[in-house]
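Participant: mind looking at a prediction? Sequence and model below.
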Amino acid sequence: MCLATQDAGFSVPDDFLVTGFDNTTRSINFYPPITTVEFFKAHIMYNALCLLADIWNGTSKSTQIFSPTRYIYRESSGCTSLFPADPGKYVSSQIMAEVRQGSMLNWMMELDCFLLDCNSFTELADHLHTWLTEHNCGSLYLLMNTDIFMLENIDSLPDTAGSSDTHIYLFAPVHFREREIGYLILENCDYLTWHQFLFETLRTFGTAIEALYGKLILRKKTKQLSQLYIHDTLTGLYNRMAYEKLALPVFQQYISQLRPVGIMFIDADHLKYINDNFGHDMGNLSIKSIASVIHQQCPVNSVSMRYGGDEFVCVIPDYNQTRMQKLAQTITDMLAIQSSHRNVDFPIEASIGFVVAEDPLLSLNDYINLADEKMYTAKKGRGAARK
């Protein structure tokens, strides 16, 4: 207002008296120095929190609370300042403030890059704590919503407790867009609040959490798509795509260590007869029943695949001839039990052939073919050869 008055050809305080309200640093260093009213923010904050507590507890009542003020008379209202400004001190403080501003902005940029490289919320909290410690903050605690925190499947927050003679905690809500994250608790963060960089720190931290959240969601979706890509939708077993991604690496690992690997080839019996006489739904039931038994009986470290329409291949680490023979018999017995429980008008059976891979000169495909030949021999012997 003083500048507008001067631009209009008038003078303060000769033509207009000007009074401000808040007693900022600039008011005393303005020309002319501004008469103002000083109030006490701590008093207002204290009473505001008391009111919030009353509302929370259901005990609030209509009341008026007046904050104490102090009049400060200066030249803009025609008075003489009791404590004139020190221009040199003001210029010095402004220069130092600009230096701190520049340093803090550089610090924020570095912090932003630093946090965006994190791969977990724990790492994010650790990094932020490290940076804040360098600026005289105490401990940091991050309280997060479970659904966000459990994205990385970790069970505990980092122990970032520090020692300090005073313990003043600042609780700051953290969120991005419409998603609430939780609360960030900072101990003794006077430096950030005094120089008004707390908001920038929280904004940087929130941006980093949003980026990490998106990264974790993308990682989970990619994993889900990858699992769908290698799984058979009908049986739940791995499909033919898993040959290169899972079966071959397992085979190569064990064969290179001269450890036995069992290769089992399983083929459903009577499938054409079932499809022709009872429909393809019953054919699918037969396939799913066989797959269920394979999944239940094969060890967890094996790779069981639906290799074709009614064919299954299992790559089973550390299984010798005896164990493979026992597994084949168990699968046959369990199929008989499944067949009786299904209460259908056809048997649910399968022919099984297996080999134990011990020669590193033969490939996995060679062993699958050998197991297939043994399976077909067994099928013909049982009178259930393919049609």
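Facilitator: Cool, the structure landed.
Participant: number of nearby residues for Thr233?
Facilitator: 8 (other C-beta atoms under 10 Å). Where C-beta positions appear, they are placed from N, C-alpha and C, glycine not excepted.
Participant: nope, Tyr243 is what I meant
Facilitator: If we define neighbours as other C-beta under 10 Å, then Tyr243 has 20 of them.
Participant: that one - that's part of a helix, no?
Facilitator: Yes - Tyr243 sits within a helix when classified using DSSP: H, G, I helix; E, B strand; the rest coil.
Participant: my read: it touches Met305, true?
Facilitator: Yes - under the criterion of C-beta atoms under 8 Å, Tyr243 makes contact with Met305 at 6.6 Å.
Participant: and the next helix or strand past the worst-scoring helix or strand of the chain on mean pLDDT?
Facilitator: The helix or strand of the chain with the lowest confidence, counting by mean pLDDT, DSSP states H and E, is helix 190-194 at a mean of 63. As assigned by DSSP states H and E, the chain's next helix or strand after helix 190-194 is helix 198-230.
Participant: and that next one, which residues are buried?
Facilitator: Under the neighbour-count criterion of 16 or more other C-beta atoms under 10 Å, helix 198-230 has 198, 200-202, 204-206, 208-209, 211-213, 216, 230 buried.
Participant: can you put those in a markdown table and add distance to Ile263 and pLDDT?
Facilitator: Formatted as a markdown table, those follow (distance: C-beta to C-beta, whole Å; pLDDT from 0 to 100):
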| residue | distance to Ile263 | pLDDT |
| --- | --- | --- |
| Leu198 | 63 | 72 |
| Glu200 | 61 | 76 |
| Thr201 | 59 | 76 |
| Leu202 | 58 | 78 |
| Thr204 | 55 | 82 |
| Phe205 | 53 | 81 |
| Gly206 | 53 | 82 |
| Ala208 | 49 | 84 |
| Ile209 | 48 | 84 |
| Ala211 | 46 | 86 |
| Leu212 | 43 | 86 |
| Tyr213 | 44 | 85 |
| Leu216 | 38 | 85 |
| Ile230 | 19 | 85 |
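Participant: save these as TSV, and put in distance to Met108 too.
Facilitator: Listed next are the buried residues of helix 198-230 as TSV, based on distance: C-beta to C-beta, whole Å:
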residue	distance to Met108
Leu198	12
Glu200	5
Thr201	7
Leu202	11
Thr204	6
Phe205	10
Gly206	13
Ala208	11
Ile209	15
Ala211	15
Leu212	18
Tyr213	20
Leu216	24
Ile230	44
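Participant: Leu49 sits in which helix or strand?
Facilitator: helix 41-57.
Participant: now what about that helix, what contacts it?
Facilitator: With contacts defined as C-beta atoms under 8 Å, 6 or more residues apart in numbering, helix 41-57 is touched by 60-61, 65, 67-68.
Participant: for Leu271, state which of those residues is nearest.
Facilitator: Here the nearest of the contacts of helix 41-57 to Leu271, counting by C-beta to C-beta, is Ser60; it sits at 75.5 Å.
Participant: so that closest one: helix, strand or coil?
Facilitator: coil.
Participant: can you pull the contacts of it?
Facilitator: 51, 54.
Participant: quick check, pLDDT for it.
Facilitator: Here, the pLDDT recorded for Ser60 equals 82.
Participant: then Met241?
Facilitator: 87.
Participant: ok, now Arg177?
Facilitator: On the pLDDT scale, Arg177 gets 79.
Participant: quick one, what contacts it?
Facilitator: Glu210.
Participant: phi, psi of it?
Facilitator: phi 50, psi -130 (degrees, to the nearest 10).
Participant: tell me which stretches of the stretch 201-350 of the chain form helices.
Facilitator: Ranges of helices in the stretch 201-350 of the chain, per DSSP state H, counting those that start in this stretch, are 242, 248-256, 271-278, 280-297, 321-342.
Participant: once you drop chain neighbours, what's closest to Pro347?
Facilitator: For Pro347, ignoring the flanking residues on the chain, the nearest one in space by C-beta to C-beta, 6 or more residues apart in numbering is Ser339 at 5.3 Å.
Participant: I figured the one you found hits Ile348, correct?
Facilitator: Yes - the pair Ser339 / Ile348 is scored as a contact, 4.0 Å apart, by C-beta under 8 Å.
Participant: alright, I will stop here.
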